[in-house]
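Undergrad: Show me how the following folds:
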Amino acid sequence: MDGPNIRACAATPGSTRRTGARAGRASRRLRLRHPEYNHGTSAPLKNAIDDLHLEWQYKPVGFVSYGGVAAGTRAVEQTKQVVTAVRMVPVVEAVTIPFFQQFLDEDGTVRANEPMEQGAAAMLDELVRVEEAPRPLRDAVAGAV
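TA: Next up, the predicted model:
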């Protein structure tokens, strides 16, 4: 769930839940992209996790974070506690983007550097590797949801 879809929640109640629920059921693994607000998780991301936790149970999750000097890592650590509490499986590998404005081009597109590319490859490889182990748990939950 990217920012625009999450922000739409306030304007169109239920639309984000339906979109996230479909994406959650269709996907075997998740990648959450979010900024850091006041050293913590953003409210829209926390709401999405709370609202969609049944569809997202036992799915591995990786994080792409951005911010200032800490690159969003404080928010990721806080979010890992939340996703673990709702039975998601966070992986250690991540993509962190410090001082993210320096990586934006004229169109606002992120231009990744080598460490970001390496982090993304490691995170995606780990998501694929970890996805198989909790599959029986996901299948059991999917039948109940």
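Undergrad: hey, which strand is longest across the protein?
TA: Ordering each strand of the chain by length in residues (DSSP state E) puts strand 89-98 first.
Undergrad: Which strands or helices does the helix or strand just after it pack on?
TA: In the C-terminal direction, the helix or strand that comes right after strand 89-98 (DSSP states H and E) is helix 114-131. With contacts defined as 3 or more C-beta pairs under 8 Å, 6 or more residues apart in numbering; DSSP states H and E, the secondary structure elements packing on helix 114-131 are strand 60-67, strand 89-98. Backbone N, C-alpha and C define where each C-beta goes, glycine included.
Undergrad: Report the rounded mean pLDDT for helix 114-131.
TA: Regarding helix 114-131, the rounded mean pLDDT is 94.
Undergrad: what residues are up against the residue lying closest to S65 once chain neighbours are set aside?
TA: The shortest distance from S65 to any residue that is not its chain neighbour, by C-beta to C-beta, 6 or more residues apart in numbering, is 2.8 Å, and that residue is G72. Taking C-beta atoms under 8 Å, 6 or more residues apart in numbering as the criterion, G72 is in contact with 34-36, 65-66, 96-97.
Undergrad: give me that answer again for 10 Å
TA: Under the criterion of C-beta atoms under 10 Å, 6 or more residues apart in numbering, the neighbours of G72 are 33-37, 39, 41-42, 63-66, 79, 94-98, 100.
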